[in-house]
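[1] Have a look at this prediction, sequence included:
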2 protein chains.
Amino acid sequence: MSLQDIKVSVDAVVFGYSSQTGLSVLLIKRKKEPFQHCWALPGGLVKDNESLEEAVERELHEESGVSINYLEQLYSFGKPDRDPRNRVISVAYFGLVSPEAFTLNASTDAEEAKWFSMLELPDLAFDHAEILDLAFKRLQGKIRYEPVGFELLTEKFPFSDLEKLYSSLLGEPVDRRNFKKKIMKLGFLEQLDEKQQLSSAGRPGFLYTFNKESYFELKEKGFNFWV
Amino acid sequence: MSLQDIKVSVDAVVFGYSSQTGLSVLLIKRKKEPFQHCWALPGGLVKDNESLEEAVERELHEESGVSINYLEQLYSFGKPDRDPRNRVISVAYFGLVSPEAFTLNASTDAEEAKWFSMLELPDLAFDHAEILDLAFKRLQGKIRYEPVGFELLTEKFPFSDLEKLYSSLLGEPVDRRNFKKKIMKLGFLEQLDEKQQLSSAGRPGFLYTFNKESYFELKEKGFNFWV
DNA sequence: CCAAAAGTGTTGGTAGTACACCCATGA
DNA sequence: TCATGGGTGTACTACCAACACTTTTGG
């Protein structure tokens, strides 16, 4: 039995959402071979003395300028030939942000960092298309048993933003009235006294915000949300 | 930046169930240092040219004699100090079997392989207690959205076995009549013409079996089972 | 005045829960 | 005949789904 020679990397699938552009994902353009100048998930090799979580946060920050502290482990990919040169197994992580909250800033191994709409994805390096696909499915499943809006939406938002988020993730329209009843009953949303500005058309709606305490409590406990 | 020197292992958490002993887990006694003579999850280093799945099936078979072909990935553990000697990250897998279906057979790195009741667990090597804990939580969650009985029960079983399985995983009694209605409505159980033999006491019940086709269809599709 | 989006309540159906008594067997 | 576990039905409740008209704003 030969001595083991496998490297370990981490990759981050970071989703963002805005009601204009819909769901998008953060990608970087690779500076180095293999897949030079190709779009890829942010990520890279784990250092000898850092944990997987530290590695993924570091790589994400280095390559894109984004800092998030709740990346959740998604899956580990280990096919022997997934990297054309060495054997590399990759532990993929999954995170959610509001894209407006960060200014993208590529450095180290990345030429560029950019949000891509999930509807207009470029070809991806390695098996990153597969990783992204799994992450998307996980997100779609997640909204059924955990609240996800707080991470994806801005601090204050009109109710319709949450509705659009859900209907776009579920891939089907939701009934506005029933959806609102269901969400409000969960008790983590608070209606503010302000109204939406700049609405391009129609009657402006009230703004809402998440009550963090009950939101995270529910995130712990989970719920059961079949639309 | 130093050259990366990390090893990759796989570990298997294999659960078994029988109505007499309840839920149990397959452990092996280590032959080698570190944690010599300690109980541990079956597992070991991934070889250079095998996939993670191949590795975990191979290790499980080598160390315990058990062969299962649907191990599902659970989580990857990568704290820098989780192995006292080298840095090793471990990809944990998760499987379900009916313990009667296998004769345990330790070899290679294992002195012994044995089923342990989840109520009488020994101390475990490395961070295997943590891995086992997570696997158990996953199993508890799983029964709410996927059928799991087929893998854990024998070919034919009295209905009460399934009920005991669920109530022991859920940690609370279930109403016999409502549980039966709910399960039967899912349509993957078939009542046989035979009755239970050797029942230590009471009226023997009919035996049931899983209709594999609809069982696996439902496993794909998922369901929504809040007791 | 028109278009666009927001706001809101009622009803009918159904699925789930609670609940108790009788039956078959072995000792 | 007793103890043990198996088998079964009903009624009430609560939640969910379906559904349409009115209001506010900008152009």
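    Sure thing, it's come through.

[2] Check chain A for its longest strand and report it.
    strand A:7-18 (DSSP state E).

[3] and that one, is it in reach of DNA strand C?
    No: Strand A:7-18 is not in contact with DNA strand C by C-beta under 7 Å from any atom of the strand; minimum separation 14.6 Å. Every C-beta, even on glycine, is put in place using the N, C-alpha and C of the backbone.

[4] can you give me the angle that strand makes with strand B:7-18?
    70 degrees (axes from the mean of the first three to the mean of the last three C-alpha atoms, to 10 degrees).

[5] helices and strands around strand A:7-18, which ones?
    Packing partners of strand A:7-18 (3 or more C-beta pairs under 8 Å, 6 or more residues apart in numbering or on different chains; DSSP states H and E): strand A:22-30, strand A:43-45, helix A:52-64, strand A:88-97, helix A:128-142, helix A:149-152.

[6] can you tell which of those is closest to residue B:74?
    Among the helices and strands packed on strand A:7-18, the nearest to residue B:74 by C-beta to C-beta is strand A:88-97 (12.7 Å).

[7] The helix or strand that that closest one is followed by packs against which elements?
    For strand A:88-97, the following helix or strand on the C-terminal side (DSSP states H and E) is strand A:110-117. Packing partners of strand A:110-117 (3+ C-beta pairs under 8 Å, 6+ apart): strand A:22-30, helix A:52-64.

[8] Go through those and name the closest to DNA strand C.
    DNA strand C lies closest to strand A:22-30 among these, at 14.6 Å (C-beta to the nearest atom of the strand).

[9] where are the low-confidence patches of chain A?
    A:1-2, A:199, A:227 (pLDDT under 70).

[10] Helix, strand, or coil at whichever residue of it sits closest to DNA strand D?
    Per C-beta to the nearest atom of the strand, residue A:203 is where chain A lies closest to DNA strand D, at 2.7 Å. State at residue A:203, reduced to three classes by DSSP: H, G, I helix; E, B strand; the rest coil: coil.

[11] which phi and psi does it have?
    Phi and psi for residue A:203, reported as degrees, to the nearest 10, are phi -80, psi 130.

[12] and it, how many neighbours?
    Using other C-beta atoms under 10 Å in any protein chain shown, residue A:203 is surrounded by 7 other residues.

[13] Check the one 10 residues further on too.
    When neighbours are defined as other C-beta under 10 Å, residue A:213 has 9 of them.

[14] ditto for the one 5 residues further on
    Applying the criterion other C-beta under 10 Å, we find 16 residues in the vicinity of residue A:218.

[15] again, but for residue A:29
    Residue A:29, neighbours per other C-beta under 10 Å, totals 20.

[16] Now do the contacts for it.
    Taking C-beta atoms under 8 Å, 6 or more residues apart in numbering or on different chains as the criterion, residue A:29 is in contact with A:37, A:38, A:39, A:40, A:106, A:110, A:111, A:112, A:113, A:114.

[17] buried sites along the helix or strand hosting residue A:190?
    Residue A:190 belongs to strand A:189-195 when assigned by DSSP H and E. Residues residue A:189 are the ones in strand A:189-195 that count as buried (16 or more other C-beta atoms under 10 Å in any protein chain shown).

[18] same thing with stretch A:17-31?
    For stretch A:17-31, by 16+ other C-beta under 10 Å, it's A:17, A:18, A:19, A:23, A:24, A:25, A:26, A:27, A:28, A:29, A:30.

[19] ok, the closest residue to the third one other than its chain neighbours to residue B:101 distance?
    Once its chain neighbours are removed from consideration, residue A:19 has its nearest residue in residue A:161; the separation is 4.6 Å (C-beta to C-beta, 6 or more residues apart in numbering or on different chains). As defined by C-beta to C-beta, to the nearest Å, residue A:161 lies at a distance of 52 Å from residue B:101.

[20] next one: residue A:142
    Counting by C-beta to C-beta, the gap from residue A:142 to residue B:101 is 34 Å.

[21] What of residue A:159?
    Residue A:159 is 53 Å from residue B:101, by C-beta to C-beta.

[22] neighbour-wise, which of these two wins?
    When neighbours are counted by other C-beta under 10 Å, residue A:159 and residue B:101 differ, and residue A:159 comes out ahead with 19 against 13.

[23] who's residue A:26 bridged to?
    Per DSSP bridges, the residues bridged to residue A:26 are residue A:115.

[24] ok, it - contacts?
    A:12, A:14, A:15, A:16, A:42, A:64, A:66, A:104, A:113, A:114, A:115, A:116.

[25] what about residue A:167, which SS state?
    helix.

[26] Does it touch residue A:175 like I think?
    No: using C-beta atoms under 8 Å as the test, residue A:167 is too far from residue A:175 to be in contact (9.9 Å).

[27] quick one: which of the two has more around it?
    Each of residue A:167 and residue A:175 has its neighbours counted (other C-beta under 10 Å); residue A:167 has more, 16 against 12.

[28] Roughly how far does that one sit from residue B:205?
    47 Å.

[29] how about the residues of chain A near DNA strand C?
    Within chain A, the positions lying close to DNA strand C (C-beta under 7 Å from any atom of the strand) are A:158-160, A:176-178, A:180, A:199-206.

[30] Domain boundaries for chain A, per the record?
    Per the record, chain A has its domains at A:7-126, A:149-221, by automatic domain parsing.
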